[in-house]
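[1] What would the 3D arrangement of this be:
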Amino acid sequence: QVQLVESGGGLVQAGGSLRLSCAASGRTFSGYVMGWFRQTPGKEREFVATITWNGDLTNYEDSVKGRFTISRDNAKNMVYLQMNSLKPEDTAVYYCNLVVGGRPFASWGQGTQVTVSS
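    Numbering: from 1, shown residues only. From the prediction side, this is the model:
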């Protein structure tokens, strides 16, 4: 079983940047697609970005394209999300997860809160 711990969230003004980190333990994730997701109160958790196991392919939700960058370091079992030009609508709790068959695979971690003020 893999454990996921997200960090790096915080309060930032619109236009600012944050870098989120996700640490995985319990098993290696080097063979898996990894993804970032986000959730706001009263809404379903939504896809933000994914990255293939070797990092050669990435995919982004339309509203974050050109602003967010997903990356990974398999040697450290880490996944990152660089978020630039943040907007108030990016405010959410952000989660990472393994992605199998296009769906989140492991149990969710506690997430990290990102709040963007206008």
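[2] make it CA atoms for all contacts and neighbour counts henceforth
    Will do.
[3] Could you point out the helix or strand that follows the worst-scoring helix or strand of the chain on mean pLDDT?
    Counting by mean pLDDT, DSSP states H and E, the chain has its least confident helix or strand at strand 103-104, which shows a mean of 92. Scanning forward in sequence from strand 103-104 by DSSP states H and E, the next helix or strand is strand 112-117.
[4] That following strand - contacts with which helices or strands?
    Here strand 112-117 touches strand 10-13, strand 92-100, going by 3 or more Cα pairs under 8 Å, 6 or more residues apart in numbering; DSSP states H and E.
[5] got the ones you listed as TSV, with mean neighbour count, distance to residue 25 and mean pLDDT columns?
    What follows is the helices and strands packed on strand 112-117, written out as TSV (neighbours: other Cα atoms under 10 Å; distance: least, Cα to Cα, whole Å; pLDDT from 0 to 100):
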stretch	mean neighbour count	distance to residue 25	mean pLDDT
strand 10-13	15	23	98
strand 92-100	23	12	96
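[6] right, and these - which one's nearest residue 80?
    Nearest to residue 80 among the helices and strands packed on strand 112-117 is strand 92-100 (9.0 Å), distances taken as Cα to Cα.
[7] mind checking which of the helices and strands packed on strand 112-117 is nearest residue 111?
    strand 92-100 (4.6 Å).
[8] So what angle separates the directions of the closest one and strand 112-117?
    Going by axes from the mean of the first three to the mean of the last three Cα atoms, to 10 degrees, strand 92-100 is angled at 140 degrees with respect to strand 112-117.
[9] by contact count, what packs against strand 92-100?
    For strand 92-100, the packing partners by 3+ Cα pairs under 8 Å, 6+ apart are strand 3-7, strand 33-39, strand 112-117.
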